[in-house]
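*Asks:* I'll drop the sequence and a predicted model, then ask my questions.
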Amino acid sequence: MSTRRASATGSIRRRLVVQLLVVAALLSGLLYLSVRTVAATAVDTTQDGILGAATVFIAEELRGGEQGVSIEIPYAAFSMLGAVGQDRVFYRILVGADTVTGYGDLPLPDWVVTGLEPRFYTVPYQGAELRVGAVARSVLVDGAQVSVTVLLAQTRTAQQTISRQMANRAALLGLGFFVVAAILSMFTARSVLRPLSSLAQALGRRGPQDLRPVDRAVPSELIPLIGALNGLISRLRAALDRTETFITEAAHHVRTPLATVRAQAEIALRQAGDDDTRTSLRNLIRAVDNSARSAGQLLDHATVVYRSDQRADAPLDIAAVLADMVEGYRPTATLRDIDLHLALPDQPVQLAVDRLLFESAVRNLIDNAVKYSSPDAAVDVSLTVAAARAHLVVADRGRGIGQGAASTLTRRFTRGSNVSDVVGSGLGLTIVRDVARASGGQFDISPREGGGTCASLSFPL
Amino acid sequence: MRFTILSALAALWLSAPAAAFEIEEETIFGDGPVLISVLSTTDTGVFAPLIAAYQAQNPDVSVRYVVANSQEVYRAIHDEAAAFDLVISSAMDLQMKLANDGFGRAHDSDAVAALPRWARWRDQLFAVTQEPVVMVASRAGFDGLGLPQTRAELVQVLRDHPERFAGRVGTYDPVRSGAGYLFATQDARQSDTSWRLAEVMGRLDPQLYTASSDMITAIQNGELALAYNVVGPYAQARLAGDPDAVVILPEDFTHVLLRTALIPTSGEAPDLGRQFLDFLLSEAGQQLLSEAAGLPRISAADLADGPALRPIRLDPGLLVFVDPIMRRRFLDEWTAAVVQP
Amino acid sequence: MRFLLVEDNPDLGQAVKSRLSLDGHGVDWAMSLAEAEEHLAMAKYDLILLDIMLPDGDGRDFLAAHRRARRDTPVIVMTARSAVSDRVALLDTGADDYVTKPFDFAELEARVRAVLRRRSGAAQTALTFADLTFDPLAATVAVGGETRDLRNRELRLLEVLIAAPDRIFSKDHLHDRLLSASEAVSDNAIEVYVGRLRKKLEGSTARIETVRGIGYRLTTT
Ligand SMILES: Nc1ncnc2c1ncn2[C@@H]1O[C@H](COP(=O)(O)OP(=O)(O)OP(=O)(O)O)[C@@H](O)[C@H]1O
Ligand SMILES: [Mg+2]
């Protein structure tokens, strides 16, 4: 069964899965980045909020006076900076341009600090990154307006830690999302492709003769495909119908005149007196038989070859079929006083083989055995099961296959050298061999011990 | 008069002269080839059993143990970058300042990881003991009066009997003592009662000290009827058999001082410092601190037992009163309250 | 025997009819299904010989209708198609057997015989001559009550001879009746079968007589 495989240009499912995965990966990445950004912003905002509140808290306590600016740093202002994490705290208070207390080297912003609302900036300081809140206040000192600047700074370790944790969570979230999306995309791909594969299965399950149009309910995307398929099927069916009709009619038109000729020849033979006429009438009849035989065998061989491409049907009880066929052949054999003996196993023998192929092979084997036996002989047909194989043997006590290789007898139109007196086309064993090949079986023909021929055909069960 | 002296001292401290820091005692234990230098505010005698135990575990380490007062300890590290591998001080604010300003090394170990959150700051400052700050009263001094259990009661009794307590109350001098300054500032931030107390005490001509032991001695020899803000474990140890002296944990709130350790960046053998610190925090070290040195171990459970016990928080708030302006401001106010004209 | 031949090809129909008549059978010939129905309505047949492709329909449909009507006349189909593809289908429709055109009349007769034997309900066919009772369907001959089995060719030889006792049948005629026209056989084949049949008839008052130079005949002693 050499069904040609279509070449694949990649798999839809793989493409679908890959695309879905890429989308999932992009979304996961986006999710990760956005969660991270939002988290980082939130963390920064939190830090700025506390830092700003503390800065303003200090600024609120600034007082003017006659001696100068009175500075009081509320304990809580610093203490609250420890609320989120344990970050280092730096501060600097300037009156005008002079640092009056705190860390004199704490960098000033590159903008002018003004206003009631704190502003923030980030600077490196003592090997760490600082977030600095800055606010300015004007106070009256000795009747003059003096600007006081408060810088309050904090390292960002806690923020970074929280950010890192959040980033990890975000990464985990992204990963989880990706995994879920990946699993879903597999499911999606499968369910999207399910109608397609079930359609393929339904078509594959069809028998060789089943050329009905496909009428399954399918998703709308598949309707054009079904349409095209049905078009193809109907064209194929039409072509097959035409071929079958042609063959049938051709056979009819050839065989009917042949039958007429043969019948008339037989009538003539009955009435003919002299031997010459009788001989030529006999030759005529043989010629008719020969050409009919050839036409029939050719047709059968073609049928066998055509059926070989189809898959085997449901298992067949070959024992029953064999018994039936032997029975059908008995009248022909009896005509020559040949006894057909049949030996079958007790149980049915189930074999996944096409019935037509099997019958063609058996018919040709029995035909040969009977044909090449002399009258009054016996032909033994037996079916046995051994070593997980079914063995069918047709053995006769006829003239034998003579000299020469038995294997050449299976060639097309090849006949033995000792059978010129028997009608035949030389296609019978070719058919048997082709059936064996198509069904995974094995055919063998050999001389029978004690004279005659033994043809055996075996199939794996 | 006293005010000028105090001011002068304050000015002197602020100007931070370049002179080498002043040490009180220096002892070298053992003669191992490896040397660890420890700078501490705790008396050598108190720490000796711990050093001995540490050396039993590490026989080749000799320990140089230097004692100085807390401000000198701070100065040694902050200003002079003196080569010490471990600094243990009761002045939490100054230790905090050192850590905040980057004078500490990071340390991470199982021992420090096991510390409660309130007992450490970042990976630099670690509490090794927790010591309640108490009042010590003489029964004789309070004869006929109820012993005060809160600051408010103390204010009341002092105000009602000025004649009896004049010249007979004592407390730390925040100007000269780092611990005294810490206690006073924590008092001040904790409640207004403490300012009233300062004023009431100011009217009674209080005695000012630089060490808890001196106050305990003064109680014992009858000079004082009440000592306020005494480091508890010292008092408990010294007054264990004294029928007259009573140690009172104020019920409104009792500060708990955390003696903290820091591994300075200036040290030459920081890993030994870490090792010694881990030893102090180990079960054996903690037990020795509690039992041999009389310095209570770090224990969240013990704190939970006394609802008024509040460990001084290791947070940036401590930096506030280290600020020179704030210090001057506080001391001015305090002096104005206590040292009455 | 009486046959109904249903065949639309006039040449073939004529030839088959003549050929069967030569063997002494009565043949009615219908050229369409309708005609066949008419014949069937009027007479009773031992067997119907049915062609598949007929002008007014498919022989298989006729067969199906025939079976549905529970008419039990056996049917042998003459098919022009290949043997394999039609076998199962034809037998399924209810044909008793089939022959593929062109067919050997000897084989056709053998199949007819087989079909009739299978249908044991067929009419009594036993023939008697002298002390012989011959039952061609059972393939037996009884000699004075003693039954003897006959091989096919002996049976057919006896059948030919007993149909016309005392008539002399030429060797050629017997050859044509006994052996397939396309079969190559030895010249003395008929002598062999006559010899065998004589053996089977031993002890009978009937005997096969050799008429030298002409042929054989069945006669009594
Ligand atoms: N049972 C047999 N006894 C003797 N020879 C046989 C037998 N079977 C096959 N052969 C030989 O093998 C040859 C090929 O057989 P095959 O069946 O292919 O052709 P055929 O019988 O001559 O023609 P047909 O195609 O009509 O059957 C025969 O011609 C014959 O020589
Ligand atoms: Mg053959």
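*Replies:* In hand now; what should we look at? This one's a predicted model, so the numbers in the text were calculated from it and none came from an experiment. Numbers count the residues shown, from 1 in each chain, chains lettered A, B, ... in the order given. Ligands and ions are numbered 1, 2, ... in the order given.
*Asks:* Can you tell me how far the residue nearest to A:Leu203 when sequence neighbours are not counted is from A:Asp346?
*Replies:* Spatial nearest neighbour of A:Leu203, excluding adjacent residues (C-beta to C-beta, 6 or more residues apart in numbering or on different chains): A:Val214 at 7.0 Å. For every residue, glycine as well, the C-beta is placed using N, CA and C. Distance from A:Val214 to A:Asp346, counting by C-beta to C-beta, to the nearest Å: 43 Å.
*Asks:* Settle it for me: which of the two has more neighbours?
*Replies:* Legend: neighbour count by other C-beta atoms under 10 Å in any protein chain shown for A:Val214 and A:Asp346, higher for A:Val214 (16 against 5).
*Asks:* Isn't that one up against A:Ala228?
*Replies:* No. Counting by C-beta atoms under 8 Å, A:Val214 stays clear of A:Ala228, with 10.4 Å between them.
*Asks:* in chain A, what residue is nearest ligand 2?
*Replies:* As assessed by C-beta to the ion, ligand 2 sits closest to A:Gly428 within chain A, at 2.8 Å.
*Asks:* Please report how far that residue lies from A:Gly441.
*Replies:* In terms of C-beta to C-beta, A:Gly428 sits 16 Å off from A:Gly441.
*Asks:* Give the buried residues for stretch A:21-30.
*Replies:* Neighbour-count burial for stretch A:21-30, counted by 16 or more other C-beta atoms under 10 Å in any protein chain shown, picks out A:Leu21, A:Ala24, A:Ser28.
*Asks:* same thing with stretch C:134-149?
*Replies:* By 16+ other C-beta under 10 Å, the buried positions in stretch C:134-149 come out as C:Phe134, C:Asp135, C:Pro136, C:Leu137, C:Ala138, C:Ala139, C:Val141, C:Ala142, C:Val143, C:Arg148.
*Asks:* Run through the strands of chain C in chain order.
*Replies:* C:2-6, C:26-30, C:47-51, C:53-54, C:57-58, C:75-79, C:97-100, C:127-129, C:132-135, C:140-143, C:146-149, C:169-170, C:206-211, C:215-220 (DSSP state E).
*Asks:* Which of those strands sits closest to A:Ile58?
*Replies:* Closest to A:Ile58 of the strands of chain C is strand C:57-58 (C-beta to C-beta; 113.0 Å).
*Asks:* Starting from the closest one, tell me which strands it pairs with and how they run.
*Replies:* Applying DSSP bridges to the sheet, strand C:57-58 is found paired with strand C:53-54 (antiparallel).
*Asks:* for the strand it pairs with, the distance to its chain's centre please.
*Replies:* The chain centroid and the centroid of strand C:53-54 are separated by 24 Å under C-alpha atoms, centre = their mean, to the nearest Å.
*Asks:* what residues does that strand touch?
*Replies:* With C-beta atoms under 8 Å, 6 or more residues apart in numbering or on different chains as the test, strand C:53-54 has contacts from A:His252, C:Val6, C:Asp8, C:Ser32, C:Leu33, C:Gly59, C:Phe62, C:Ala80.
*Asks:* domain ranges for chain A?
*Replies:* Domain assignment for chain A by automatic domain parsing gives A:9-205, A:206-310, A:311-461.
*Asks:* Please enumerate the strands of the stretch 201-341 of chain B.
*Replies:* Under the criterion DSSP state E, counting those that start in this stretch, the stretch 201-341 of chain B contains strands at B:207-209, B:226-231, B:245-248, B:254-262, B:309-311.
*Asks:* so what's residue 216 up against?
*Replies:* Using chain A. A:Leu199, A:Ala202, A:Ile226.
*Asks:* Sorry, I should have been clearer: chain C.
*Replies:* Contacts for C:Tyr216 (C-beta under 8 Å, 6+ apart) come out as C:Leu161, C:Ile168, C:Phe169, C:Lys171, C:Leu174, C:Ile190, C:Val194, C:Ile208, C:Glu209, C:Thr210.
*Asks:* In what element of secondary structure is A:Arg237 found?
*Replies:* Using DSSP states H and E, A:Arg237 maps to helix A:223-271.
*Asks:* Going by neighbour count, which residues of stretch C:170-183 are buried?
*Replies:* Buried residues in stretch C:170-183, counted by 16+ other C-beta under 10 Å: C:171-183.
*Asks:* Now narrow these to whatever sits close to ligand 2.
*Replies:* Among those, no residue lies close to ligand 2 (C-beta under 5 Å from the ion).
*Asks:* which pair in these spans the largest distance?
*Replies:* Spatial extent of the buried residues of stretch C:170-183 (C-beta to C-beta) is set by the pair C:Lys171 and C:Ser182 at 18.4 Å.
*Asks:* picking that back up, and the helix holding A:Arg237, how far from the chain's centre?
*Replies:* With C-alpha atoms, centre = their mean, you get 39 Å for helix A:223-271.
*Asks:* tilt between the helix or strand just after it and helix A:223-271?
*Replies:* Downstream of helix A:223-271, the first helix or strand assigned by DSSP H and E is helix A:275-308. Relative orientation of helix A:275-308 versus helix A:223-271 (axes from the mean of the first three to the mean of the last three C-alpha atoms, to 10 degrees): 170 degrees.
*Asks:* could I get the buried residues of stretch C:170-183 as a markdown table with pLDDT?
*Replies:* Listed next are the buried residues of stretch C:170-183 as a markdown table, based on pLDDT from 0 to 100:
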| residue | pLDDT |
| --- | --- |
| C:Lys171 | 88 |
| C:Asp172 | 87 |
| C:His173 | 88 |
| C:Leu174 | 89 |
| C:His175 | 87 |
| C:Asp176 | 86 |
| C:Arg177 | 86 |
| C:Leu178 | 86 |
| C:Leu179 | 85 |
| C:Ser180 | 83 |
| C:Ala181 | 81 |
| C:Ser182 | 80 |
| C:Glu183 | 80 |
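*Asks:* Just to be sure, which of these are found in helices?
*Replies:* Of the buried residues of stretch C:170-183, the ones assigned to helices by DSSP state H are C:Lys171, C:Asp172, C:His173, C:Leu174, C:His175, C:Asp176, C:Arg177, C:Leu178.
*Asks:* tell me the contacts of the first one?
*Replies:* Read it as C:Lys171. Contacts for C:Lys171 (C-beta under 8 Å, 6+ apart) come out as C:Ile190, C:Gly215, C:Tyr216.
*Asks:* Repeat the analysis, applying 6 Å as the threshold.
*Replies:* By C-beta atoms under 6 Å, 6 or more residues apart in numbering or on different chains, the residues touching C:Lys171 are C:Ile190, C:Gly215.
*Asks:* just the last one next, same as before
*Replies:* Taking C-beta under 6 Å, 6+ apart, we find C:Leu178 in contact with C:Arg153, C:Arg156, C:Leu157.
*Asks:* Quick check: the residue lying closest to A:Asp142 once chain neighbours are set aside vs chain B, distance?
*Replies:* Excluding the flanking residues, the one nearest A:Asp142 by C-beta to C-beta, 6+ apart is A:Glu66, at 5.7 Å. As judged by C-beta to the nearest C-beta, to the nearest Å, A:Glu66 and chain B stand 16 Å apart.
*Asks:* Just give me the longest strand of chain A.
*Replies:* Secondary structure of chain A read by DSSP E shows that its longest strand is strand A:128-141.
*Asks:* Mark out where each domain of chain B begins and ends.
*Replies:* B:17-130+B:258-311, B:131-255+B:325-338.
*Asks:* Let me have these in CSV, extended by mean pLDDT.
*Replies:* Formatted as CSV, these follow (pLDDT from 0 to 100):
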stretch, mean pLDDT
domain B:17-130+B:258-311, 92
domain B:131-255+B:325-338, 92
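*Asks:* will you turn those into CSV that also has distance to chain C and mean neighbour count?
*Replies:* Below are the domains of chain B laid out as CSV (distance: least, C-beta to the nearest C-beta, whole Å; neighbours: other C-beta atoms under 10 Å in any protein chain shown):
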stretch, distance to chain C, mean neighbour count
domain B:17-130+B:258-311, 89, 19
domain B:131-255+B:325-338, 110, 19
